[in-house]
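Enquirer: Let me see the structure of the following:
(one chain, ligands or ions: 1)
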Amino acid sequence: MKIYVTKDKKEMNQKAAEIILERIQEKPDMTLGLATGGTPEGTYDDLVNDHQQHGTSYQNITTFNLDEYVGLPSDDPNSYLSYMREHLFNHIDIPPEQTNLPNGTAEDLEAECDEYETRIHGHGGVDLQLLGIGENGHIGFNEPGTSFGSKTHIVELAESTREANARFFDSKDDVPTHAITMGIQTILKAKEIVLMISGERKQEALLRLLHGGVSEDFPASALKEHPNLTVIADEAAIENKSVVD
Ligand SMILES: O=P(O)(O)OC[C@H]1O[C@](O)(CO)[C@@H](O)[C@@H]1O
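Expert: Below you'll find the predicted structure:
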């Protein structure tokens, strides 16, 4: 596990963007696993600025997103597809058919999960998976108690997760109760993982990730066994210096 500590969220996002751009240089047809939420927004801004200023091409890049809410029309402003269009896809030259998210309005959600999982691995898997982390240690929408062997599946969102995400909705009642998410095994199959952790609210999660055991009640602990994990944490996420020593 490599750990970078940055002075603030901006620097954390820049570091993650730097790593992604290095990988795109090395492999212009790479497959990127993408996350949503507040944490990666700055990284997507940096990738867009780099594309506009330096012309990094996404023509041969493929993306797979971690998760999508169930029941939100894809054009709903709070769908993760809308988030990705707003923060990244509409501002770079990636062909839309090379971007992939689970379809949260599929007739048969179970079949959708199986198809998404097959599509990821049929494509050759994810080269670099970008991740955030929930306060309760969830990764994607894999809540505490999710099996480390889980594949893409439907989850019922924990109340704490719905509360944390309510800030993006008009009211908490508008937050969907279920989502489709890559499973923990799906995530662990990525060749490389970059996990960003920012802010005081994530101090407990960072502490537990670095110093806690590996247990299914803390989904992010599954990452400790990954051979190529980079954690980028800003100082606000670090309770005190000893956390990262
Ligand atoms: O980056 P945020 O907004 O703190 O969200 C943390 C995590 O929670 C989720 O948004 C799921 O609720 C994940 O996609 C994200 O990595």
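Enquirer: What count of nearby residues applies to Glu11?
Expert: Residues lying near Glu11 (other Cβ atoms under 10 Å) number 17. Where you see a C-beta, it was placed from the backbone N, CA and C, and this is true even at glycine.
Enquirer: what bridges to the spatially closest residue to it that is not a sequence neighbour?
Expert: Leaving out its chain neighbours, the residue that sits closest to Glu11 by Cβ to Cβ, 6 or more residues apart in numbering is Asp234, at 6.9 Å. Here Asp234 sits in beta bridges with Thr6, going by DSSP bridges.
Enquirer: can you count the residues close to Asp234?
Expert: 25.
Enquirer: Can you classify Gln185 by secondary structure?
Expert: Secondary structure, DSSP: H, G, I helix; E, B strand; the rest coil: Gln185 is helix.
Enquirer: So it sits against Thr152, correct?
Expert: No - counting by Cβ atoms under 8 Å, Gln185 does not reach Thr152; the two are 9.4 Å apart.
Enquirer: And the two? Which one has more around it.
Expert: Thr152 (25 against 16).
Enquirer: Just the pLDDT at the more buried one, thanks.
Expert: On the pLDDT scale, Thr152 is placed at 98.
Enquirer: residue contacts, it?
Expert: With contact taken as Cβ atoms under 8 Å, 6 or more residues apart in numbering, Thr152 is in contact with 102, 113-114, 116-117, 120, 180-183, 186.
Enquirer: And it, its phi and psi?
Expert: phi -60, psi 130 (degrees, to the nearest 10).
Enquirer: related to what we said a few turns ago, the contacts of Thr152, buried ones only, as a PyMOL selection?
Expert: Entered in PyMOL, the line below selects the buried ones among the contacts of Thr152, by 16 or more other Cβ atoms under 10 Å:
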select buried, resi 102+113+116+117+120+180+181+182+183+186
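Enquirer: farthest-separated two in the contacts of Thr152?
Expert: Asp114 and Thr181 (13.7 Å; Cβ to Cβ).
Enquirer: quick revisit: so what's the residue nearest to Glu11 up against?
Expert: 5-9, 11-12, 197-199 are the contacts of Asp234 under Cβ under 8 Å, 6+ apart.
Enquirer: For ChimeraX, write the select line for the buried members of those residues.
Expert: Selection of buried members from the contacts of Asp234 for ChimeraX, criterion 16+ other Cβ under 10 Å:
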select :5,6,9,11,12,197,198,199
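Enquirer: Now intersect the contacts of Asp234 with the strands, please.
Expert: Secondary structure defined by DSSP state E assigns 5-6, 197 of the contacts of Asp234 to strands.
Enquirer: Show me what from the protein comes close to the ligand.
Expert: For the chain, the residues in contact with the ligand (Cβ under 6 Å from any ligand atom) are 35-39, 66-67, 132-134, 140-141, 161, 165.
Enquirer: Name the nearest of those relative to His211.
Expert: Out of these, the member with the shortest distance to His211 (by Cβ to Cβ) is Ile133, at 14.8 Å.
Enquirer: Val243 - nearest residue in space that isn't next to it in sequence?
Expert: Nearest non-adjacent residue to Val243 (Cβ to Cβ, 6+ apart): Leu207, at 5.6 Å.
Enquirer: Quick one: mean pLDDT for the host helix or strand of that neighbour?
Expert: Using DSSP states H and E, Leu207 falls within helix 203-211. For helix 203-211, the mean per-residue pLDDT is 96.
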